[in-house]
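Asker: 3D model of this:
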Amino acid sequence: MLPRALRFLGPRRKDYLPGLCDHYRPVGRGMALLAEALRHCLDACPGDAFAALVGEIDILEGAADKIKRRIRNHLPAAGLMVVDKTLFLDYTQRQDDILDAILEAAVWLDLDDFVVPPPLRAAMGDCVAEAARSVELLEPALADAVDYILYGKGERDAVKGAMQAVRDQHKRVSRAKRSLIAAAYGTDMEFGRVYQVVRFVEYVYRASRKAGNCADILRAMLAR
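Answerer: Numbering: from 1, shown residues only. I've put the predicted structure just below:
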């Protein structure tokens with residue numbers, strides 16, 4: 001074991017970067033649960049199964065917060081970090097924001113009976129699927145960035161390409177969001193139901209946007 005005064009030289013000083021991958025896991029799981037919760041709402045009246053899904057998302061949020069605090073509480077001094085500390089802290093918050101948005105979207109699903117016309121149901125499912133893809137693509141982008149920064153694994157252009165894939169996917173989510181909102185206002189649903197759909201899709205969009213923000217921060221880390 002290294003002397004106490006030199007422990008910062010040990011391998012644990014770089015544990016914070018792999019910790020981001022640990023933090024991602026509940027985030028990715030939460031997005032999958034949101035898609036499942038939406039299916040429950042659209043196919044049948046929400047019941048115990050839906051409540052269980054929302055409860056699980058809430059548990060995942062708590063687990064992600066604990067991981068985030070653990071990572072932040074064990075960071076080395078800024079001068080010893082292999083990435084910019086401000087960028088690193090910003091990344092942890094943006095990745096955490098993804099799960100916050102997912103939980104808020106689930107809450108809007110549960111505010112009232114979610115009865116929407118069939119075409120709008122399909123559009124909502126597509127929008128969530130596109131956002132889920134944004135969050136899904138963040139995982140390999142993050143893993144590739146960590147491997148490249150710490151160990152020099154992979155090609156720089158390939159790592160950058162994985163980050164660009166997240167940003168490109170978010171553009172698809174933006175288009176899906178606009179189409180869904182326009183479709184919602186084009187129905188004969190009462191305003192309260194339209195507003196519920198709009199608020200739901202805004203949080204779904206936010207989850208994707210935060211994934212795009214994470215990709216931008218990874219790109220900045222790589223540049224430095």
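Asker: Pull the residues that contact stretch 193-202.
Answerer: Among residues not part of stretch 193-202, those counted as contacts by CB atoms under 8 Å, 6 or more residues apart in numbering are 105, 108-109, 111-112, 114-116, 120, 124, 127, 177, 180-181, 184-185, 187, 189. Quick note: C-beta positions are derived from backbone N, CA and C, even for glycine.
Asker: Stretch 107-114 too?
Answerer: Stretch 107-114 is contacted from outside by 37-38, 41-42, 45-46, 50-51, 54, 192-193, 196, 199-200, 203, using CB under 8 Å, 6+ apart.
Asker: from those, which ones fall inside helices?
Answerer: Taking DSSP state H as the definition of helices, the contacts of stretch 107-114 contribute 37-38, 41-42, 50-51, 54, 192-193, 196, 199-200, 203.
Asker: Can you lay out those as a markdown table showing neighbour count and pLDDT?
Answerer: Rendered in a markdown table, the data for the ones in helices among the contacts of stretch 107-114 read as follows (neighbours: other CB atoms under 10 Å; pLDDT from 0 to 100):
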| residue | neighbour count | pLDDT |
| --- | --- | --- |
| A37 | 25 | 90 |
| L38 | 24 | 90 |
| C41 | 21 | 82 |
| L42 | 18 | 80 |
| F50 | 21 | 83 |
| A51 | 13 | 84 |
| V54 | 19 | 89 |
| G192 | 9 | 89 |
| R193 | 17 | 89 |
| Q196 | 20 | 92 |
| R199 | 16 | 95 |
| F200 | 26 | 95 |
| Y203 | 20 | 97 |
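Asker: Pipe those into a markdown table and attach distance to A63 per row.
Answerer: Written out in a markdown table, the entries for the ones in helices among the contacts of stretch 107-114 read as follows (distance: CB to CB, whole Å):
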| residue | distance to A63 |
| --- | --- |
| A37 | 18 |
| L38 | 22 |
| C41 | 24 |
| L42 | 27 |
| F50 | 20 |
| A51 | 19 |
| V54 | 15 |
| G192 | 34 |
| R193 | 33 |
| Q196 | 28 |
| R199 | 26 |
| F200 | 24 |
| Y203 | 20 |
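Asker: ok, the residues you listed vs P76, which is closest?
Answerer: Top of the list for closeness to P76, among the ones in helices among the contacts of stretch 107-114 and by CB to CB, is Y203 at 35.1 Å.
Asker: hmm, which two among the ones in helices among the contacts of stretch 107-114 are most spread apart?
Answerer: In the ones in helices among the contacts of stretch 107-114, two members sit farther apart than any others by CB to CB. They are A51 and G192, at 21.8 Å.
Asker: Show me what counts as buried in the helix or strand containing G161.
Answerer: G161 is located in helix 156-185, with elements delineated by DSSP states H and E. With burial defined by 16 or more other CB atoms under 10 Å, the residues of helix 156-185 counted as buried are 159-160, 162-163, 165-167, 169-170, 172-173, 176-177, 180-181, 183-184.
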